[in-house]
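>>> here is the input, now give the coordinates:
(2 chains)
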There are 2 protein chains.
Amino acid sequence: MHKVVTVDIERDLLEANRTLAMENHGLLKSKGVRSFDLMGSVGSGKTLLIQRLSERALSRGLRVGAITGDVTGDDDMRRLSVLGIPISNLNTGKECHLDAHLVEHALEELPLEELDVLFIENVGNLVCPADFPLGADKRVVVISVTEGDDMVRKHPMIFRESDVIVINKSDLASLMEVDTAALEADARRVRPDADIVVTDAKHRVGIDKLASVLGLP
Amino acid sequence: MHKVVTVDIERDLLEANRTLAMENHGLLKSKGVRSFDLMGSVGSGKTLLIQRLSERALSRGLRVGAITGDVTGDDDMRRLSVLGIPISNLNTGKECHLDAHLVEHALEELPLEELDVLFIENVGNLVCPADFPLGADKRVVVISVTEGDDMVRKHPMIFRESDVIVINKSDLASLMEVDTAALEADARRVRPDADIVVTDAKHRVGIDKLASVLGLP
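Next comes the predicted model:
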């Protein structure tokens, strides 16, 4: 019996989340804010990619904001605070993903009228965020070559849900004995129409290409 | 109302899991099998650590088995199959952790009478497995220096639930500009009585120490 109830509640929750995500999306559109939901494991490089993309956007006169999501703490917000941009930090408590309701609250805190671009950093893992769109224009999954070569095969769901797939820390690929072309092929199989970008955020490689894929000037 | 129902179901599920975990533990004890639940992000090195520990145990005449858990696929089982040991592969579908019920089924498939040691590889992430003990003697969380230096602060729960904390890929620490001593200090703060072991599974560094901490000859 529990199983049936759980399934119903899950369906309700996912539907409620989708409705709220559409509301978030409508709000962001009405304010002229382009938004991106960055997902990926802890340490895949989401925060540094947001920093690099933000630096690039700021240098082109765009106004940038961010939402950082973690189970607990504000490490990512503090890392991004060097940018001097408005940031809202979300703690999920025990949940392994952001949801549209949490993001709705973060949007209330941010000066949307004064933003052109919003980066949302999801909680770090490749499982949970997949089912919960937040209302962003594009969903971006970030993997790092240091995670090995099997993460696409192990987590097809999140790749299927993503518009953009980033293979980061490419400078370490040969050291890690990981073939980025094989990772790309895996990703391509799971999500044939996604944009796939290889980056090395630390050394600012691939950032222009990623910005272009995200439709940023 | 949904919230209340969800909370009740969650409590029921966690209690049911704990009961089953105790049953698994009793079964494993009765068969004289020592068991270890390895948790950690995708790519932290759980599979290779299990391989190294198994090689060491096998060379000492111990009989080893494994359970590999993933959302989908059998990559880890195939990697461990070089050991020629009995392995049961569990797929969780969409769940981001193993639970005691799944492990109970895997135990039915394994020749427990013929095993001395059982390694259980949990689904790769630092959030979900924490709440779900499986019945193993010790819970082991594996982090890799390639994940950065903030994963303990971001995921205190799973460190609190772990008896052993492994800091892996130590050979890459200086390259990644990560201070393993700082990671150790973070881990120590969250779980003062845990055993902390620094390893480089690729180059077989720290494996003897880890085996000793696990009580393996």
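>>> residue numbers of chain A in contact with chain B?
Neighbours of chain B within chain A, by CB under 8 Å from any CB of the partner chain: A:2, A:5-6, A:9, A:12-13, A:41-43, A:70-73, A:75, A:94, A:96, A:123-128, A:131, A:144, A:146-148, A:150-151, A:153-157, A:169, A:172, A:175. All C-beta spots, glycine's among them, are computed from the backbone N, C-alpha and C.
>>> pLDDT below threshold where in chain A?
Along chain A, segments meeting pLDDT under 70 span A:1-7.
>>> hmm, back to that, mind checking which of the residues of chain A next to chain B are buried?
For the residues of chain A next to chain B, a burial check counting by 16 or more other CB atoms under 10 Å in any protein chain shown picks out A:6, A:13, A:41-43, A:70-71, A:73, A:75, A:96, A:123-128, A:131, A:144, A:146-148, A:150-151, A:153-157, A:169, A:172.
>>> in the lengthiest helix in chain A, which residues are buried?
Assignment by DSSP state H gives helix A:2-30 as the longest helix of chain A. For helix A:2-30, burial by neighbour count (16+ other CB under 10 Å) applies to A:6, A:13, A:17, A:20-21, A:24-25, A:27-28.
>>> quick one: that helix to chain centroid distance?
18 Å (CA atoms, centre = their mean, to the nearest Å).
>>> what packs against it?
Helices and strands touching helix A:2-30, as assessed by 3 or more CB pairs under 8 Å, 6 or more residues apart in numbering or on different chains; DSSP states H and E, comprise strand A:34-40, helix A:100-109, helix B:2-30.
>>> in chain A, which spans are strands?
Secondary structure of chain A (DSSP state E): strands located at A:34-40, A:64-70, A:87-91, A:117-121, A:138-144, A:164-168, A:195-198.
>>> the second one to strand A:117-121, inter-axis angle?
Angular relation of strand A:64-70 and strand A:117-121 on a 0 to 180 degree scale: 10 degrees, by axes from the mean of the first three to the mean of the last three CA atoms, to 10 degrees.
>>> in its sheet, what does strand A:64-70 sit against?
Within its sheet, and counting by DSSP bridges, strand A:64-70 is paired with strand A:87-91 (parallel), strand A:117-121 (parallel).
>>> and those, which is most packed in?
Scoring those by mean neighbour count under mean count of other CB atoms under 10 Å in any protein chain shown gives strand A:117-121 as the most buried, with a mean of 27.
>>> quick one, that one and strand A:34-40 angle?
20 degrees.
>>> and the angle from strand A:117-121 to helix A:100-109?
Using the same axes, to 10 degrees, strand A:117-121 lies at 140 degrees relative to helix A:100-109.
>>> distance from strand A:117-121 to the middle of the chain?
8 Å.
>>> residue closest to the middle of chain A?
residue A:38 (0.7 Å; CA atoms, centre = their mean).
>>> what's the separation between residue A:67 and chain B?
16 Å (CB to the nearest CB, to the nearest Å).
>>> specify the beta-bridge partners of residue A:141.
Applying DSSP bridges, one finds that residue A:141 bridges with residue A:39, residue A:165.
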